[in-house]
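Undergrad: Generate coordinates for the sequence data below:
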Amino acid sequence: MRKKGFLIPCLFALAVLTGCSNGDTADKYVGEQITSMKEKGSDSFTTLLDEGIAKSNEAFTLQFPEELKEPYQEFLKDSFNAVTFEVSSAKKKSDDTFSVLVTYTPINIQRTTDASNSEFLSTLETTDLTAAVTSILENDAGLLTDTPVHDNEIISTLDVAKKGDKYSITEDSLKKFVEQAIVNYMEPYNQVCDIIDTYDFINAYLNASFKGDVAQFALHTDRTEEEAYAWYEEDVFDPPADLSEAYVDRYKAALKTIMSQCQYTVGIPVKEAGGFSYTVDVTTTPNNSFADAYHEFENGTYYSLDEASAGLVQAMEKYAAAPTFGEETTQNVTINSSSLLSANQENSELYTLATTILMMP
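TA: Numbering: from 1, shown residues only. A predicted model of the protein is given here:
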């Protein structure tokens, strides 16, 4: 067994330190601070979470909800509490500075929670980010106590300054210590946000494609709203080449109205192996209005191009005002880089979905 000058298993440090005078020695001070962090939390957890939030917010379009900060800080405290620390005797560096070695095996949040969280996500029933993360944190808190998984033992050096009879741990050394003690601490949030962010993207993609509601789609695709709206209008609303110019604007307006009435509900995506790859059920009640308008037009008799143009536009305006729908159906589609790039190809899943949502003539 490795010999240590002064060991405090901080799981029980409160009882050990009760009789110690405050600031008696640098190592005792460190033990007291670790115990306090375990029991009461620490500003260090706030700082750690803020850093994790910043990284997650860069990775996802959805942003970390403000109301999750308090429960997540409590989760960090519980995680820290699952680690046993041994504090060695302080070494004097100068008259007013000391170094204190702390030995411990960091808790790995991802390895502790991964199997349970994967099962949780496979049966996720809400797309409310706050509610979903709150639920997974409640579940994971029990794992920290019952089945914690630790990494290999490491030793951190805490630098302690003394001013008068008061001690303080330097901010940099404390920050590094806390970061090393709780490994992969944002994983529960990231796993949930990955699913719900994808759900949000699919909704945004369909809303932009059919309804011209482009604000969220612009965020997901790093476009301005003006650029996203131009994407929405590109090609989709090109009228037939032989439509009389006088009817072009009415044709576009009618088609936009028909498309805006499309009905679909996006299910909760299921993450596939690998990186950005998901499957999702999309339930739709097919909008038959565009196809029915064309069929009605084709059954008419016209004696000039202008009459034909008027007939087509009038039929489309009729169905825009009173849309027709088919029977509800559900399609399972794959969402990944390849499927998005091939969305306009007639044999692709997304093209089939689009032409089910809006039946084509």
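Undergrad: So the residue of the chain most remote from its centre, which state does it fall into?
TA: Distance to the chain centre peaks in the chain at residue 303, reaching 58.0 Å (criterion: CA atoms, centre = their mean). Three-state assignment for residue 303 (DSSP: H, G, I helix; E, B strand; the rest coil): coil.
Undergrad: quick one, phi/psi of it?
TA: phi -110, psi 0 (degrees, to the nearest 10).
Undergrad: What of residue 263?
TA: Taking degrees, to the nearest 10, you get phi -120, psi 130 for the backbone angles of residue 263.
Undergrad: Return the per-residue confidence for it.
TA: pLDDT recorded at residue 263 is 98.
Undergrad: Please, where are all the strands along the protein?
TA: 85-87, 91-94, 97-104, 107-108, 154-163, 166-169, 182-183, 263-266, 270-271, 277-285, 329-336 (DSSP state E).
Undergrad: Of these, flag the one that's most buried.
TA: Of all those, strand 85-87 has the most neighbours on average by mean count of other CB atoms under 10 Å, namely a mean of 23. Every residue, glycine included, has its C-beta placed from N, CA and C.
Undergrad: Does anything pack onto it? Which helices or strands?
TA: helix 26-40, strand 97-104 (3 or more CB pairs under 8 Å, 6 or more residues apart in numbering; DSSP states H and E).
Undergrad: which secondary structure elements does the shortest one contact?
TA: This means strand 97-104. On a contact count with 3+ CB pairs under 8 Å, 6+ apart, strand 97-104 meets helix 26-40, strand 85-87, strand 91-94, strand 154-163.
Undergrad: just checking, what packs against the first one?
TA: Judged by 3+ CB pairs under 8 Å, 6+ apart, helix 26-40 is in contact with helix 13-17, helix 69-81, strand 85-87, strand 97-104, strand 154-163, strand 166-169.
Undergrad: Adding mean pLDDT and distance to residue 293, write the ones you listed out as a markdown table.
TA: Shown next, in a markdown table, are the helices and strands packed on helix 26-40 (pLDDT from 0 to 100; distance: least, CB to CB, whole Å):
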| stretch | mean pLDDT | distance to residue 293 |
| --- | --- | --- |
| helix 13-17 | 28 | 77 |
| helix 69-81 | 97 | 52 |
| strand 85-87 | 97 | 73 |
| strand 97-104 | 96 | 71 |
| strand 154-163 | 95 | 70 |
| strand 166-169 | 94 | 73 |
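Undergrad: would TSV of those with distance to residue 250 be doable?
TA: What follows is these, written out as TSV (distance: least, CB to CB, whole Å):
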stretch	distance to residue 250
helix 13-17	78
helix 69-81	52
strand 85-87	74
strand 97-104	73
strand 154-163	72
strand 166-169	73
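Undergrad: Which one, of those, ends up nearest to residue 232?
TA: Of all those, it is helix 69-81 that lies closest to residue 232, at 35.8 Å by CB to CB.
Undergrad: Make a markdown table from the strands of the chain and add distance to residue 74 to it.
TA: Output for the strands of the chain, formatted as a markdown table (distance: least, CB to CB, whole Å):
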| stretch | distance to residue 74 |
| --- | --- |
| strand 85-87 | 20 |
| strand 91-94 | 34 |
| strand 97-104 | 21 |
| strand 107-108 | 15 |
| strand 154-163 | 23 |
| strand 166-169 | 22 |
| strand 182-183 | 13 |
| strand 263-266 | 32 |
| strand 270-271 | 27 |
| strand 277-285 | 31 |
| strand 329-336 | 34 |
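Undergrad: So for residue 51, which of those strands sits nearest?
TA: strand 182-183 (11.8 Å).
Undergrad: list the helices and strands the closest one packs on?
TA: Using 3+ CB pairs under 8 Å, 6+ apart: strand 182-183 touches helix 69-81, strand 107-108, helix 109-122.
Undergrad: partner strands of it, parallel or antiparallel?
TA: Next to strand 182-183 in the sheet, as set by DSSP bridges, lie strand 107-108 (parallel).
Undergrad: residues in contact with the strand it pairs with?
TA: 79-80, 82-83, 144, 148-151, 181-184 (CB atoms under 8 Å, 6 or more residues apart in numbering).
Undergrad: let's see it at 10 Å
TA: Counting by CB atoms under 10 Å, 6 or more residues apart in numbering, the neighbours of strand 107-108 from elsewhere in the structure are 78-83, 114, 144, 148-151, 181-185, 187.
Undergrad: Just the buried residues from the residues you listed, in PyMOL please.
TA: Buried residues within these, by 16 or more other CB atoms under 10 Å, are selected in PyMOL with:
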select buried, resi 78+79+80+81+82+83+114+144+148+149+150+181+182+183+184+185+187
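Undergrad: what residue lies at the spatial centre of this protein?
TA: residue 193 (2.1 Å).
Undergrad: how near is that residue to residue 35?
TA: As for residue 193, its distance to residue 35 is 33 Å (criterion: CB to CB, to the nearest Å).
Undergrad: now residue 140
TA: The gap separating residue 140 from residue 35 is 23 Å, by CB to CB.
Undergrad: Residue 168 too?
TA: 16 Å.
Undergrad: Then residue 293?
TA: From residue 293 to residue 35 the distance is 74 Å (CB to CB).
Undergrad: So which of these two has more stuff around it?
TA: Between residue 293 and residue 35, counting by other CB atoms under 10 Å, residue 293 is the more crowded of the two (25 against 20).
Undergrad: what residues are up against the more buried one?
TA: 254-255, 258, 312-320, 323-324, 361.
Undergrad: Would you list the buried entries among the residues you listed?
TA: Buried by 16+ other CB under 10 Å: 254-255, 258, 312-317, 319-320, 323, out of those.
Undergrad: what's near enough to touch the closest residue to residue 237 other than its chain neighbours?
TA: In this structure, residue 237 finds its nearest non-sequential neighbour in residue 252, 4.6 Å apart by CB to CB, 6 or more residues apart in numbering. Applying CB under 10 Å, 6+ apart to residue 252 gives the contacts 233, 236-239, 313, 316.
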